[in-house]
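In: Sequence and predicted model, in that order:
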Amino acid sequence: RFLLRAPGPVVVIMAPLAWVVTMAGLVTGPLLVADGSLATGIPVCIVGLPAAGLAARATHQLGRRWVVLVPAGLVLHDHLAVGDPTLIPRAQISSLAPGAAYTTATDLSLGAFGLALEMRCRDPLDMTLRRGRRGSEVGARTPVGAFLFTPARPDALLAEATTRRLTGRAVPGHTASPPPTTSSPS
């Protein structure tokens with residue numbers, strides 16, 4: 001499994017805000033109650049603890065976005081960009097490489113910072129893409145021939161994909177050998 005990077009606006013704006021809400025919600029109310037200010041502390045606990053739970057859950061959901069290399073190919077599990085986890089079969093993968101600056105590939109990176117990888121398919125795949133503000137609407141199945149995604153560790157993903165022969169390139173340090181032959185007449 002390879003974690004996907006969080007979208008850029010989330011990293012810059014929402015993540016710090018979620019951290020502040022979580023910490024303030026967990027700490028402020030109990031400290032006021034411990035200090036003896038029950039009239040203030042109890043209402044702050046009633047509001048702050050659920051707010052902290054919601055902020056922590058939203059942050060946790062960002063950690064549930066993955067690219068998973070499986071024997072059958074690659075699975076894109078990104079609930080923010082794709083409606084359903086999508087299997088890209090090994091036979092469909094034409095190439096997996098760093099994305100070009102100006103590409104026609106569908107951008108599923110959601111503005112994440114870092115190196116975006118470009119997956120090119122031999123034939124367009126039908127993918128259920130999320131559209132609309134904040135990806136709240138699931139669109140119809142769309143044919144996608146190439147797409148961009150941003151893993152947290154693109155170098156490790158490319159290395160593992162190369163060893164599994166998903167990138168269309170030879171494995172570094174390995175030489176191709178012919179299949180074994182037998183001398184039996186059968």
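Out: Yes, it's here. Numbers count the residues shown, from 1 in each chain.
In: Only C-alpha atoms from now on, for both contacts and neighbour counts.
Out: OK.
In: for this protein, what helix or strand is lowest in average pLDDT?
Out: Of all helical and strand segments in the chain, the minimum by mean pLDDT, DSSP states H and E falls on strand 137-149, at a mean of 79.
In: chain center to stretch 57-66: distance?
Out: The gap between where stretch 57-66 is centred and where its chain is centred comes out at 9 Å by Cα atoms, centre = their mean, to the nearest Å.
In: Which parts of this protein are helices?
Out: In the chain, the segments counted as helices under DSSP state H are 8-9, 15-35, 38-62, 154-163.
In: what is the mean pLDDT for the strand ranked longest in the chain?
Out: In the chain, assigned by DSSP state E, the strand with the most residues is strand 117-131. Strand 117-131 carries an average pLDDT of 86.
In: Quick one: list the elements packing against that strand.
Out: strand 93-98, strand 137-149 (3 or more Cα pairs under 8 Å, 6 or more residues apart in numbering; DSSP states H and E).
In: As CSV, those strands with distance to I46 and mean neighbour count would be great.
Out: Listed next are the helices and strands packed on strand 117-131 as CSV, based on distance: least, Cα to Cα, whole Å; neighbours: other Cα atoms under 10 Å:
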stretch, distance to I46, mean neighbour count
strand 93-98, 48, 18
strand 137-149, 32, 17
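In: Quick one, which of those gets closest to W19.
Out: Nearest of these to W19, taken as Cα to Cα: strand 137-149 at 25.4 Å.
In: which residues touch V67?
Out: Contacts of V67 were listed using Cα atoms under 8 Å, 6 or more residues apart in numbering, and they are 1-4, 74-78, 151.
In: Need the residues that contact the longest strand of the chain.
Out: Strand 117-131 is contacted by residues 80-84, 86, 88, 91-100, 105, 136-151, 154 when judged by Cα under 8 Å, 6+ apart.
In: Could you do stretch 9-17 as well?
Out: Identification of contacts with stretch 9-17 by Cα under 8 Å, 6+ apart yields 59, 111-112.
In: returning to what we had before: let me have the helices of the chain in TSV, extended by mean neighbour count, mean pLDDT and distance to L117.
Out: What follows is these, written out as TSV (neighbours: other Cα atoms under 10 Å; pLDDT from 0 to 100; distance: least, Cα to Cα, whole Å):
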stretch	mean neighbour count	mean pLDDT	distance to L117
helix 8-9	14	82	16
helix 15-35	17	89	24
helix 38-62	16	88	19
helix 154-163	17	90	7
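In: circling back to that earlier point, could you redo the contacts of stretch 9-17 as a markdown table and give each row distance to P43?
Out: Below are the contacts of stretch 9-17 laid out as a markdown table (distance: Cα to Cα, whole Å):
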| residue | distance to P43 |
| --- | --- |
| T59 | 25 |
| G111 | 38 |
| A112 | 38 |
